[in-house]
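Engineer: Sequence first, predicted model second:
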Amino acid sequence: MNAVYRGSGDLPHTVPVFPLPGALLLPRGQMPLNIFEPRYLAMVDDALAGPRLIGMIQPDPAQPGSEPRPPLYRVGCVGRITQLAETGDGRYLIELTGICRFRIEEELGVSTMYRQCRVGYAEFVDDFVARKGEEAVDRKALLTALTAFLKANSLKADWQGIENAPNEALVNALAMMSPYGAPEKQALLEAPDLKTRAEILVAVTEIELAKTGTEGETPLQ
């Protein structure tokens, strides 16, 4: 990213929000998006004309609401548009780079087709510190769970890339790519630190493996 965000003072407290089930954006993570709905095309246009920021957040399936405006979880993550391509058929292909999580303080009444919220970042100031707490991550447990998951689902992985990845990048990439449901994704998002996020990821993976009767194995080297 060309922009540098050193703290919450560098971010606006009103952000457009993109509700998307199963979408998990984490600080310094990259999320590709295919934008085609008119309201979100307008959101991208407006973001590009301003600070290039979009708040990713999940609809909350536990709360009743309408499809056009579903209730939202209270915590999301703001990302900056760092790549954009026009497809020629009216779509945008963009990539968001995560900056910091936020908590919704109030959804605003706005004239735009897309939703906007007033948000706070105070409880997530550690998000601005790259690789904070990664020394506390149980990497062996994480790789053991990953190995078992891949084997159970007949999947392959770039193990050289995995072995070379720092703990923060590894934990957050695996969390973002995980196939779990909205509550599990939200728990990963709201984890207070990287160690807890890794522990949640391992626990959820082990629960899924237990359902299939697959036991953990020694991680590949």
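Structural biologist: Done, it's in. Everything numeric here is computed off the predicted structure, so don't read it as measured data.

Engineer: Give me the below-cutoff pLDDT ranges for the protein.
Structural biologist: Residue ranges of the chain with pLDDT under 70: 1, 66, 214-221.

Engineer: one more time with 80
Structural biologist: 1, 64-68, 212-221 (pLDDT under 80).

Engineer: Need the residue closest to the centroid of the protein.
Structural biologist: Nearest to the geometric centre of the chain sits residue 25, at 1.6 Å (C-alpha atoms, centre = their mean).

Engineer: Show me what counts as buried in the strand of greatest length in the chain.
Structural biologist: Determined from DSSP state E, the single longest strand within the chain is strand 92-107. Within strand 92-107, the residues scored as buried using 16 or more other C-beta atoms under 10 Å are 92, 94, 96, 97, 98, 99, 100, 101, 102, 103, 104. Heads up, the C-betas are built off the backbone N, CA and C, glycines and all.

Engineer: can I get those in JSON lines with distance to residue 150?
Structural biologist: Listed next are the buried residues of strand 92-107 as JSON lines, based on distance: C-beta to C-beta, whole Å:
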{"residue": "92", "distance to residue 150": "32"}
{"residue": "94", "distance to residue 150": "29"}
{"residue": "96", "distance to residue 150": "26"}
{"residue": "97", "distance to residue 150": "26"}
{"residue": "98", "distance to residue 150": "25"}
{"residue": "99", "distance to residue 150": "30"}
{"residue": "100", "distance to residue 150": "31"}
{"residue": "101", "distance to residue 150": "28"}
{"residue": "102", "distance to residue 150": "33"}
{"residue": "103", "distance to residue 150": "34"}
{"residue": "104", "distance to residue 150": "36"}
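
Engineer: before we move on, the earlier item: does the residue nearest to the centre of the chain sit in a helix, a strand or a coil?
Structural biologist: Here residue 25 is recorded as coil under DSSP: H, G, I helix; E, B strand; the rest coil.

Engineer: shouldn't it be in contact with residue 95?
Structural biologist: No. Taking C-beta atoms under 8 Å as the definition, residue 25 is not a contact partner of residue 95, at 10.6 Å.

Engineer: give the contact list for residue 70.
Structural biologist: 19, 59, 60, 63 (C-beta atoms under 8 Å, 6 or more residues apart in numbering).

Engineer: quick check, it in a strand?
Structural biologist: No. Counting by three-state DSSP, residue 70 is not part of a strand but coil.

Engineer: follow-up on the earlier one: closest one to residue 84 out of the buried residues of strand 92-107, please.
Structural biologist: The closest of the buried residues of strand 92-107 to residue 84 turns out to be residue 94 (C-beta to C-beta; 5.0 Å).

Engineer: Let me see the contact set for the closest one.
Structural biologist: Residues near residue 94 by C-beta under 8 Å, 6+ apart: 32, 33, 35, 44, 81, 83, 84, 85.

Engineer: And what about the first one, helix, strand or coil?
Structural biologist: This points to residue 32. Applying three-state DSSP: residue 32 is strand.

Engineer: In the beta-sheet assignment, what are the partners of the closest residue to it other than its chain neighbours?
Structural biologist: Nearest non-adjacent residue to residue 32, counting by C-beta to C-beta, 6 or more residues apart in numbering: residue 95, 5.2 Å away. Taking DSSP bridges, one obtains residue 32, residue 83 as the residues bridged to residue 95.
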